[in-house]
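*Asks:* Okay, predicted coordinates and the sequence, questions at the end:
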Amino acid sequence: MKDKIRKILEEKNLDMALITDPYSLRYYTGFRGGEGVALVTEKSDVLLVDSRYTEAAGKESDFEVIEFNLKNPLKACVQDVVKKDNVQRLGFEDQSIIYADYQRYVNFIQDDKESEIVEFIPLGDALLIPRQIKTPEEIELLRQAEHIGDLAFDDICGILKPGMTELEVAAELEYSLKKHGAEGLSFDTIAASGVNSSMPHAIPSEKKLEMGDFLTMDFGCRYNGYCSDMTRTVCIGKASEEQKKVYDIVLTAQRMVLEQLKPGMLCKDVDRIARNYIAEQGYGDYFGHGLGHGVGLYIHESPAFNTRDESVVKPCMIETDEPGIYLPGKFGVRIEDMILITEDGCESLAASPKHLIEL
């Protein structure tokens with residue numbers, strides 16, 4: 001991972017990479033604590049942490065771990081590396097760092113009167129692009145995370161009934177995910193029923209499940225740091241003809257992507273597969289979000305399947321395939337799998353059934 005960073009430094013004519021994003025820290029240093037700073041130059045690879053994480057960082061990372069404290073403050077640690085390695089052009093993670101933290105590091109370096117003036121250069125997505133292509137080890141972790149989601153979906157289908165609240169559904173899903181080995185959630189669980197299901201990111205409420213409700217459940221977990229993402233829509237009782245029609249359209253669109261997706265396509269053209277079909281069926285105005293997104297250490301990674309992303313699809317990317325139709329005041333349907341891009345197509349990592357389940 002150090003070599004990947006140094007290659008970026010060379011390509012961008014930089015003397016140092018300042019890594020502050022917790023997901024970048026995990027990916028490039030192996031450190032899982034999330035609170036720290038990595039400094040990488042041609043000669044140095046330093047991980048700065050406080051006393052809460054010194055021992056863990058030493059076990060998890062092959063970087064030189066330096067503890068900052070009252071006697072050796074963070075400011076002095078940063079200044080030491082900048083001065084020692086004669087840093088003049090410093091790359092920082094402009095897409096994730098907050099302004100106050102950015103200004104703090106600028107002040108750290110400017111306050112050192114013995115150092116040359118250091119220019120701060122935005123890294124853009126340079127540290128994000130290598131994360132798009134998953135290693136075999138990452139793929140297995142993502143596969144296991146999605147499998148835990150399958151187990152949780154099977155569990156929840158066994159207990160759903162009229163009278164449960166959306167909050168109870170979300171709680172049961174989250175309990176099941178952790179019971180099957182999840183270390184945490186990859187995002188806040190969505191459980192939206194009836195008219196609430198027309199809101200793609202509805203917040204679970206005290207609304208009770210009723211006969212005839214569509215229930216959309218969007219949930220995911222973290223397994224050894226890596227995320228899963230899955231959505232299934234089921235019906236409490238019997239579905240109406242309109243519900244069946246809309247469900248079938250979404251399912252067909254989702255399956256069309258699985259059948260047609262292959263390396264070499266542009267992400268926006270993958271989005272178009274589902275979007276065009278839904279529009280042809282008369283529901284184009286009711287599919288407002290992108291078809292999918294990358295998944296890894298973070299739940300929303302690049303590239304994304306949407307109308308704007310011109311990234312090229314490559315083997316070993318992991319994306320979501322999640323078309324939806326949302327009819328305000330009535331109901332909504334979304335079906336989502338995480339998919340692995342293979343050499344000649346793609347593979348769904350989810351095994352949960354996608355036919356309309358009526359409970």
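*Replies:* Good, I have the coordinates.

*Asks:* for residue 356, what are its contacts?
*Replies:* If you count contacts by CB atoms under 8 Å, 6 or more residues apart in numbering, residue 356 has them with 234-235, 239, 244, 247-248, 251. For every residue, glycine as well, the C-beta is placed using N, CA and C.

*Asks:* Now do the helices in this protein.
*Replies:* Along the chain, the stretches classed as helices by DSSP state H are 2-11, 22-29, 54-60, 74-84, 99-110, 136-157, 166-179, 241-260, 267-280.

*Asks:* Tabulate those helices (JSON lines), appending mean pLDDT, distance to residue 221 and mean neighbour count.
*Replies:* Shown next, in JSON lines, are the helices of the chain (pLDDT from 0 to 100; distance: least, CB to CB, whole Å; neighbours: other CB atoms under 10 Å):
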{"stretch": "helix 2-11", "mean pLDDT": "95", "distance to residue 221": "27", "mean neighbour count": "15"}
{"stretch": "helix 22-29", "mean pLDDT": "97", "distance to residue 221": "16", "mean neighbour count": "21"}
{"stretch": "helix 54-60", "mean pLDDT": "97", "distance to residue 221": "21", "mean neighbour count": "16"}
{"stretch": "helix 74-84", "mean pLDDT": "95", "distance to residue 221": "33", "mean neighbour count": "18"}
{"stretch": "helix 99-110", "mean pLDDT": "94", "distance to residue 221": "29", "mean neighbour count": "14"}
{"stretch": "helix 136-157", "mean pLDDT": "98", "distance to residue 221": "5", "mean neighbour count": "20"}
{"stretch": "helix 166-179", "mean pLDDT": "98", "distance to residue 221": "4", "mean neighbour count": "19"}
{"stretch": "helix 241-260", "mean pLDDT": "98", "distance to residue 221": "21", "mean neighbour count": "18"}
{"stretch": "helix 267-280", "mean pLDDT": "98", "distance to residue 221": "25", "mean neighbour count": "20"}
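
*Asks:* what about those helices, which gets the closest to residue 126?
*Replies:* helix 2-11 (4.9 Å; CB to CB).

*Asks:* quick check, nearest of the contacts of residue 356 to residue 119?
*Replies:* Using CB to CB, these come closest to residue 119 at residue 251, 52.8 Å.

*Asks:* and the gap between the residue positioned nearest the centre of the chain and residue 188?
*Replies:* The centroid of the chain falls nearest to residue 299 when counting by CA atoms, centre = their mean (1.4 Å). For residue 299, the distance to residue 188 (CB to CB, to the nearest Å) stands at 10 Å.

*Asks:* One more: residue 151?
*Replies:* In this view, residue 151 and residue 188 are 20 Å apart by CB to CB.

*Asks:* Ok, residue 142 next?
*Replies:* Counting by CB to CB, the gap from residue 142 to residue 188 is 20 Å.

*Asks:* picking that back up, tabulate the helices of the chain in CSV, adding columns for distance to residue 129.
*Replies:* Formatted as CSV, these follow (distance: least, CB to CB, whole Å):
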stretch, distance to residue 129
helix 2-11, 9
helix 22-29, 12
helix 54-60, 24
helix 74-84, 25
helix 99-110, 21
helix 136-157, 15
helix 166-179, 30
helix 241-260, 23
helix 267-280, 14
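
*Asks:* Any idea which of those helices gets closest to residue 318?
*Replies:* Closest among these, using CB to CB: helix 136-157, at 5.5 Å.

*Asks:* what helices or strands is that closest one leaning on?
*Replies:* helix 166-179, strand 214-219, strand 221-223, strand 226-227, strand 230-235, strand 337-341 (3 or more CB pairs under 8 Å, 6 or more residues apart in numbering; DSSP states H and E).
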